[in-house]
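Asker: Got a predicted model here, sequence first, then my questions.
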Amino acid sequence: MTPGLSALVVANAADSDPGHVGERLEQRGFRLRTTLREDGGVAGMVDSVRSVDVVVLLGSEWSVHSPVDTAALKAECALVRSAMAAGIPVLAICYGAQVVAAACGGVVERAARPEIGWIRVDPTEETDLVVDGPWLAFHTDVVEPPPHARLLARNDCGAQAFLLPGVLAVQFHPEVRPDVVLDWARRFPDLVSEAGLDAPELVAQSRAREPEARAAAHALVDSFLDAVATSDRLQPRDRSRP
């Protein structure tokens with residue numbers, strides 16, 4: 001792996017922990033650099049995206065279909081298009097996946113009910129890019145991927161993963177650790193209740209499944225870097241890595 005690789009992490013202040021995803025990126029030799037959506041820093045990265053090697057768009061309590069900050073959403077969409085044009089790989093998670101959809105001609109709508117809890121997804125084709133899970137879902141949205149995207153996985157709630165050139169977008173949360181699930185359960189009790197879940201049970205499940213979820217997240221990052229990323233600054237997979 002080329003020394004000095006950097007990953008731009010785009011996040012909200014309350015949800016800026018890249019968790020298992022950040023851990024694996026660091027293991028693969030990346031230095032993480034976080035830009036917060038609320039600070040307006042995303043707009044400043046649109047024209048300088050070539051200064052990083054990978055972009056990671058984390059989830060958010062914001063929604064694409066009802067923007068809290070229209071300017072921030074437009075800037076992030078522009079960042080996605082700029083990264084794609086420059087050949088900078090993008091890994092997009094939940095809200096990040098919705099931003100990718102919006103930036104590239106897809107549709108994001110509010111779901112009939114929240115999708116929250118540990119789920120498995122159905123791959124739509126023979127691929128090892130996205131394993132079936134377990135994955136933590138925590139959202140209130142339905143995404144229709146862009147017309148030219150490859151749908152990689154779905155379930156009864158809709159699209160769960162799709163692929164564009166140099167971009168892997170997932171609706172679920174591979175990054176989350178149990179402490180984040182606890183935080184979300186406390187911040188959004190009405191959504192957890194609407195989904196028909198018991199918050200303490202959800203947190204307990206998250207703790208019990210962490211080893212499996214961590215392994216799945218690491219595998220997803222590896223798939224992204226080894227099979228999806230197209231930047232010529234990323235060298236082929238190092239089989240000797242941990």
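Answerer: Yep, that arrived.
Asker: for the residue lying closest to residue 171 once chain neighbours are set aside, what are its contacts?
Answerer: Excluding the flanking residues, the one nearest residue 171 by C-beta to C-beta, 6 or more residues apart in numbering is residue 160, at 4.8 Å. (Glycine included, C-beta is placed from N, CA and C.) By C-beta atoms under 8 Å, 6 or more residues apart in numbering, the contact set of residue 160 is 121, 130, 135, 152, 153, 154, 170, 171, 172.
Asker: would you turn those residues into a markdown table with pLDDT and neighbour count?
Answerer: Supplementary listing: the contacts of residue 160 in a markdown table, determined by pLDDT from 0 to 100; neighbours: other C-beta atoms under 10 Å:
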| residue | pLDDT | neighbour count |
| --- | --- | --- |
| 121 | 94 | 23 |
| 130 | 84 | 25 |
| 135 | 97 | 27 |
| 152 | 95 | 21 |
| 153 | 96 | 24 |
| 154 | 96 | 18 |
| 170 | 98 | 25 |
| 171 | 98 | 32 |
| 172 | 98 | 29 |
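Asker: what's around residue 194, how many residues?
Answerer: Applying other C-beta atoms under 10 Å, we find 13 residues neighbouring residue 194.
Asker: now residue 201
Answerer: Counted with other C-beta under 10 Å, residue 201 comes out at 12.
Asker: Just the element for it, please.
Answerer: helix 199-223 (DSSP states H and E).
Asker: ok, now which ones touch residue 9?
Answerer: Taking C-beta under 8 Å, 6+ apart, we find residue 9 in contact with 16, 18, 22, 32, 33, 34, 35, 56, 58.
Asker: Is it bridged to anything, and to what?
Answerer: Listed by DSSP bridges, the beta-bridge partners for residue 9 are residue 34, residue 56.
Asker: buried ones in the longest strand anywhere in the chain?
Answerer: Identified as the longest strand of the chain according to DSSP state E is strand 107-119. If you call a residue buried by 16 or more other C-beta atoms under 10 Å, then strand 107-119 has these buried ones: 108, 114, 115, 116, 117, 118, 119.
Asker: for stretch 41-61, same thing?
Answerer: Buried, per 16+ other C-beta under 10 Å, within stretch 41-61: 42-43, 45-46, 49, 52-61.
Asker: quick one: which of those residues sit in strands?
Answerer: 54, 55, 56, 57.
Asker: mind saving the C-alpha coords of stretch 100-112 as PDB?
Answerer: What follows is stretch 100-112 as a C-alpha-only set of coordinates in PDB (Å, rounded to 0.1, in the frame of the first residue of the first chain):
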ATOM      1  CA  VAL A 100     -25.000   9.500  -4.300                       C
ATOM      2  CA  ALA A 101     -28.400   8.600  -5.600                       C
ATOM      3  CA  ALA A 102     -29.500  12.200  -5.700                       C
ATOM      4  CA  ALA A 103     -26.300  13.300  -7.300                       C
ATOM      5  CA  CYS A 104     -26.500  10.700 -10.100                       C
ATOM      6  CA  GLY A 105     -30.100  10.700 -11.100                       C
ATOM      7  CA  GLY A 106     -31.700   8.300  -8.500                       C
ATOM      8  CA  VAL A 107     -34.700   9.000  -6.300                       C
ATOM      9  CA  VAL A 108     -34.900   9.100  -2.500                       C
ATOM     10  CA  GLU A 109     -38.300   9.000  -0.700                       C
ATOM     11  CA  ARG A 110     -39.600   8.600   2.800                       C
ATOM     12  CA  ALA A 111     -40.300   5.000   3.700                       C
ATOM     13  CA  ALA A 112     -43.700   3.900   5.000                       C
END
